[in-house]
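**Student:** I would like the atomic coordinates for the input below:
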Amino acid sequence: MTIDVLKQFEDEPSEYPPTPSGLSVKATELDANMVWARIEAYTAHRFTQREVVWTLLGDGGDEWHPQLTPIVSKQAHIWANDAWEAVKLVDAPLGFCLPSGGTYKITAQVGGGNVPAPVSGAFERLAEYLAGARSSTDEPGASNSKFSVGSTINFEVTRSPAWLARAMQLSGAADLLRPYRRA
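**Tutor:** Model (predicted):
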């Protein structure tokens, strides 16, 4: 009783949640949509609505648990007689139950609700990390920094090649987002 997820297509939302207040000037200058997109890539929760289409392969009676939440509305179709035919999914304790075996296309509106405080906090941590420290010469991901004062003031930073890829963890945002990783 296994359902295979053959494909998942997720539209970008028409807009992301508003930027949390209290950010430094450097952090507010970042593209907030980029920060939200990184948070959404890390979590299963969506806070603004968008369309998601899943193509599934399963047997009758199999229960499917969508990987994204919250599901606001859904339509389901099964591939039969060389065409998609509408079908009703039965609610199950953890998701939906497929009425018969076959290939399904589920189109859902996913996302909405208020952004919880931990998610806003994760946005702030990630944005501040990506923008650099608030009031120091520290730079995110710096493995070496050199600051010279003399006839010419120089500032040189050597960054770890993985600084951006590990931003979610190094900023502390990942800790706040842990409860939102699974639907």
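
**Student:** And for the residue nearest to Gly61 when sequence neighbours are not counted, the neighbour number?
**Tutor:** Spatially, and ignoring its direct neighbours in sequence, Gly61 is nearest to Cys97 (6.5 Å; C-beta to C-beta, 6 or more residues apart in numbering). Heads up, the C-betas are built off the backbone N, CA and C, glycines and all. Using other C-beta atoms under 10 Å, Cys97 is surrounded by 16 other residues.

**Student:** for the chain, what spans make up the helices?
**Tutor:** With DSSP state H as the criterion, the chain has helices at 25-28, 32-42, 117-131, 167-170, 173-177.

**Student:** Among those, which comes closest to Tyr104?
**Tutor:** Nearest to Tyr104, of all these, is helix 32-42, at 24.4 Å by C-beta to C-beta.

**Student:** how about low-confidence regions in this structure?
**Tutor:** Along the chain, segments meeting pLDDT under 70 span 1, 133-149, 154-159.

**Student:** Show me the strands in it, by range?
**Tutor:** 4-10, 50-58, 63-64, 71-80, 83-87, 90-92, 95-97, 102-110, 142-148, 154-159 (DSSP state E).

**Student:** Take these and write them to TSV, including distance to Arg178.
**Tutor:** Shown next, in TSV, are the strands of the chain (distance: least, C-beta to C-beta, whole Å):
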stretch	distance to Arg178
strand 4-10	21
strand 50-58	23
strand 63-64	24
strand 71-80	22
strand 83-87	36
strand 90-92	26
strand 95-97	22
strand 102-110	20
strand 142-148	26
strand 154-159	26
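
**Student:** one step back: of all the helices of the chain, which lies closest to Val5?
**Tutor:** helix 32-42 (17.1 Å).
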